[in-house]
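Visitor: my questions are about this predicted structure, shown below with the sequence.
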Amino acid sequence: MSDVIDSKELPSASSKAEIDWVRCIPFYLLHVSAISVFFVEFSWMAVIITLLLYFPRMFGLTGFYHRYFAHRAFKTSRWFQFVGAVLGGAAIQRGALWWASHHRDHHRHSDTEKDIHSPKQTGFFYSHMGWFMTKKNFDFKADRIKDFTKYPELVFINKHDVLIPVLFFIFCYFLGHFWNGVFGITEDSTWALSGWQVVAYGFCLGTVLLYHSTFFVNSLAHVWGTRPYKTTDTSRNNLLIAILTMGEGWHNNHHHFQSSARNGFRWYQIDATYMILKLLSFVGIVWDLKPVPKHIVHRTAKAEADLAQQETESSTAV
């Protein structure tokens with residue numbers, strides 16, 4: 001459960017805050033529970049289910065928690081913003097208001113001493129996951145997210161952020177429990193599943209993968225990758241992270257122009273989140289997707305060419 005607090009009451013983010021070991025017990029247990037995949041039967045269907053439960057939840061984080069709630073990069077209806085908040089909540093990274101409030105703070109103070117997760121300021125581990133476990137960061141600044149705190153349904157699921165994960169756990173169990181019967185699959189079939197198998201793979205392992213794929217954007221994407229734009233922070237573009245997070249790995253692009261619904265500015269920069277948003281816009285579920293200005297795209301092309309030339313010159317220098 002996240003607590004609301006006025007931003008003036010929160011201490012500076014510059015120093016490493018104390019980890020709340022007791023409050024983070026569910027977080028540790030989820031990591032330990034990932035080994036449960038070794039205690040249930042392996043099947044390729046279980047792997048497929050893990051992916052089918054991973055990517056929609058990742059989209060809840062990338063499309064809604066990040067690009068919608070944090071950056072207002074597109075518009076949607078009240079009911080679908082609630083759907084997006086629920087989908088993101090199933091990723092078990094707390095509520096949409098909590099997440100977006102902290103992310104707006106990150107952009108406001110990126111890689112300065114007030115940044116809550118900067119590898120430059122607080123080291124790799126703290127920027128990766130330590131910040132998520134601290135006492136002070138269980139709170140969030142309500143005044144940073146006033147545009148969404150007016151919706152009681154969002155406030156409710158943000159306050160009771162354990163509710164959606166519990167419901168998702170139950171869903172995973174019954175999905176596996178009834179799978180064989182609904183589809184007429186025998187237990188010895190390659191396509192067979194069980195309740196605890198889906199819990200182990202889809203819920204436990206899938207959630208841990210979601211955690212660290214998302215956390216890599218805060219840590220690794222500020223350490224490893226290319227920098228076509230000269231931003232005031234250490235953000236980088238990273239293809240691997242972009243694949244794992246459906247487009248969030250184009251982090252230097254994002255920090256250069258954060259209000260766009262599109263992180264992959266060039267045609268070859270894979271941005272699955274943006275592709276899905278475009279599909280949703282075709283049927284009118286979302287609209288007014290903020291584009292990347294053409295002058296920024298052209299600037300990217302020139303910056304990449306200059307970067308490639310610099311790398312070539314440095315590699316051939318004696």
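Guide: Structure received. Residues are numbered from 1 along each chain as shown.

Visitor: determine the three-state secondary structure at residue 259.
Guide: coil (DSSP: H, G, I helix; E, B strand; the rest coil).

Visitor: dihedrals phi and psi, it?
Guide: Note on residue 259: backbone dihedrals following degrees, to the nearest 10 are phi -90, psi 0.

Visitor: any idea how far residue 292 is from it?
Guide: Note on residue 259: its distance to residue 292, by Cβ to Cβ, to the nearest Å, is 10 Å. Bear in mind the C-beta positions are built from the backbone N, C-alpha and C, glycine included.

Visitor: the two: which is more packed in?
Guide: With neighbours defined as other Cβ atoms under 10 Å, residue 259 and residue 292 compare such that residue 292 has more, 20 against 12.

Visitor: wait, the more buried one touches residue 260, no?
Guide: Yes. In this structure, residue 292 is within contact of residue 260 by Cβ atoms under 8 Å, at 4.7 Å.

Visitor: list the buried residues of stretch 100-113.
Guide: Neighbour counts using 16 or more other Cβ atoms under 10 Å place 100-106, 109-111 of stretch 100-113 among the buried residues.

Visitor: so which of those residues sit within helices?
Guide: Among those, the ones falling in helices (DSSP state H) are 100-106.

Visitor: how far does stretch 70-84 sit from the chain's center?
Guide: 16 Å (Cα atoms, centre = their mean, to the nearest Å).

Visitor: okay, now residue 298: neighbour count?
Guide: Counted by other Cβ under 10 Å, the residues lying close to residue 298 total 10.

Visitor: how close does it get to residue 43?
Guide: 49 Å.

Visitor: do the same with residue 287
Guide: In this view, residue 287 and residue 43 are 41 Å apart by Cβ to Cβ.

Visitor: which of these two has more neighbours?
Guide: residue 43 (17 against 12).

Visitor: from what I see, the more buried one and residue 188 are in contact.
Guide: No. Using Cβ under 8 Å as the test, residue 43 is too far from residue 188 to be in contact (10.6 Å).

Visitor: residue contacts, residue 74?
Guide: For residue 74, the contacting residues are 67-68, 261, 277, 281, 286-290, by Cβ atoms under 8 Å, 6 or more residues apart in numbering.

Visitor: quick one: pLDDT of residue 116?
Guide: According to the prediction, residue 116 has pLDDT 86.

Visitor: quick one: it and residue 137 touch, right?
Guide: Yes. The pair residue 116 / residue 137 is scored as a contact, 6.2 Å apart, by Cβ under 8 Å.

Visitor: find the residues that touch each one of the two.
Guide: Joint contacts of residue 116 and residue 137 (Cβ under 8 Å, 6+ apart) are 102, 131.

Visitor: looking at those two, which is more packed in?
Guide: Taking other Cβ under 10 Å, residue 116 and residue 137 do not tie; residue 116 has more neighbours (24 against 21).

Visitor: and which of the ones in helices among the buried residues of stretch 100-113 is nearest to residue 122?
Guide: For these, the minimum distance to residue 122 (Cβ to Cβ) is 12.4 Å, reached by residue 106.

Visitor: which parts of the stretch 151-300 of the chain are strands?
Guide: Under the criterion DSSP state E, counting those that start in this stretch, strands of the stretch 151-300 of the chain are mapped to 286-287.

Visitor: any low-confidence regions in it?
Guide: 300 (pLDDT under 70).

Visitor: all helices for it, in order.
Guide: 152-159, 163-183, 195-198, 206-218, 239-244, 251-256, 272-282, 294-316 (DSSP state H, counting those that start in this stretch).

Visitor: any idea which of those helices is most buried?
Guide: Highest mean neighbour count of the helices of the stretch 151-300 of the chain: helix 251-256, a mean of 26 (counted as mean count of other Cβ atoms under 10 Å).
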